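K.L.:
take this sequence and fold it.
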Amino acid sequence: MTLDRAAGVALWRQIAGRIEADITSGIHAPGDRLPTEAELSARFGVNRHTLRRAMESLEARGLVRVEQGRGSFVAEDVLDYPLGTRTRFSEIIRSQNREPAGQLVRLAEIEPEPRIREMLDLRKGARVVMAERIAMADGRPVALGAHHFPLARFPRIAAQLRENPSITAALAASGVPDYRRRVTRITARMPTAEEAMLLVQSRARPVLVSEALNVDPDGRPVDATITRYAAGRTQLVVGDA
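P.N.:
Below you'll find the model as predicted:
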């Protein structure tokens, strides 16, 4: 694709404009990997220094993200994810005109780590049902949650989750039609190889990690959850909702 070298507009600006047009027209969708530097340099007939300046301008405007060693990608739309006393994934996603979905990755009866046991107020030796689930918006993973339910209180929740991966539906079927979040703690770290694979993101990009406790209307713990959010696609919003 030729550039207008007599237009009085810097070549890197013209290149940035052409790539932006490809993004806005849908040729490159959110999350897509863009052609390599060598391919783009050949396409526009410029050296890599000029091409890099164009990419830097697009990155500064939030249109692309550059990952060292992996290339350049079209920036995804960032999902606002409110964290309040009532946090329901499907409701949050639908409120932003997106389609929610869930996929169960792992389901097992385990002896929990001390931190989970403490959150659920369990005795040592008590077991939990651990359900790890990918939460998606419009088919793209946004979060990976590990839910822990007291086995003694919810002996059938594993079977219910196999039928329907909805946490809210499983708790309702287990006699907890409503619940609220008592506390949420948020940190950030680099993902493990498995987390990066399941969230479809680079290991060089961090994940936001929330540690949350949900309780029933009487204040009894029902679910201790560790959720890892794809930071490039999710913005956590803390409020009273």
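K.L.:
can we go C-alpha only for contacts and neighbour counts from here?
P.N.:
OK.
K.L.:
any weak-confidence spans in the protein?
P.N.:
Where the chain drops to pLDDT under 70, the residues are 1, 68, 239-241.
K.L.:
which stretches in it count as strands?
P.N.:
64-67, 71-74, 79-83, 100-110, 128-137, 140-150, 180-189, 207-215, 221-230, 234-238 (DSSP state E).
K.L.:
return the set of buried residues in the first one.
P.N.:
By neighbour count, and taking 16 or more other C-alpha atoms under 10 Å as the criterion, the buried residues in strand 64-67 are 64-66.
K.L.:
and for the fourth one?
P.N.:
The neighbour-count check on strand 100-110 (16+ other C-alpha under 10 Å) flags 100-102, 104, 107, 109 as buried.
K.L.:
likewise the third one?
P.N.:
Buried residues in strand 79-83, defined by neighbour count with 16+ other C-alpha under 10 Å: 79, 81-83.
K.L.:
so how far is it off the chain centroid?
P.N.:
Put simply, strand 79-83 sits 10 Å off its chain's centre (C-alpha atoms, centre = their mean, to the nearest Å).
K.L.:
neighbouring strands of that strand in the sheet, and parallel or not?
P.N.:
Using DSSP bridges, strand 79-83 pairs in its sheet with strand 234-238 (parallel).
K.L.:
then the partner strand to PDB, C-alphas only?
P.N.:
Only the C-alpha atoms of strand 234-238 are listed here, as PDB (Å, rounded to 0.1, in the frame of the first residue of the first chain):
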ATOM      1  CA  THR A 234     -11.300  -5.900  32.800                       C
ATOM      2  CA  GLN A 235     -11.500  -2.800  35.000                       C
ATOM      3  CA  LEU A 236     -12.600  -3.400  38.600                       C
ATOM      4  CA  VAL A 237     -14.900  -0.800  39.900                       C
ATOM      5  CA  VAL A 238     -15.400  -0.600  43.700                       C
END
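K.L.:
what angle do that strand and strand 180-189 make?
P.N.:
Interaxial angle, strand 234-238 versus strand 180-189 (axes from the mean of the first three to the mean of the last three C-alpha atoms, to 10 degrees): 130 degrees.
K.L.:
next, the angle from strand 234-238 to strand 221-230.
P.N.:
Using the same axes, to 10 degrees, strand 234-238 lies at 140 degrees relative to strand 221-230.
K.L.:
now do strand 234-238: everything it contacts.
P.N.:
Under the criterion C-alpha atoms under 8 Å, 6 or more residues apart in numbering, residues 78-84, 142 lie in contact with strand 234-238.
K.L.:
any chance of the residues you listed in JSON lines, plus distance to residue 232?
P.N.:
JSON lines is the format used below for these (distance: C-alpha to C-alpha, whole Å):
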{"residue": "78", "distance to residue 232": "7"}
{"residue": "79", "distance to residue 232": "9"}
{"residue": "80", "distance to residue 232": "11"}
{"residue": "81", "distance to residue 232": "13"}
{"residue": "82", "distance to residue 232": "16"}
{"residue": "83", "distance to residue 232": "17"}
{"residue": "84", "distance to residue 232": "21"}
{"residue": "142", "distance to residue 232": "9"}
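K.L.:
just the closest of the residues you listed to residue 51, please.
P.N.:
Taking C-alpha to C-alpha as the measure, residue 51 lies nearest residue 78 of the contacts of strand 234-238, at 26.2 Å.
K.L.:
let me see the contact set for the nearest residue to the closest one once chain neighbours are set aside.
P.N.:
Leaving aside its sequence neighbours, residue 78 sits nearest to residue 233 (C-alpha to C-alpha, 6 or more residues apart in numbering; 4.5 Å). Applying C-alpha under 8 Å, 6+ apart to residue 233 gives the contacts 76-79, 142.
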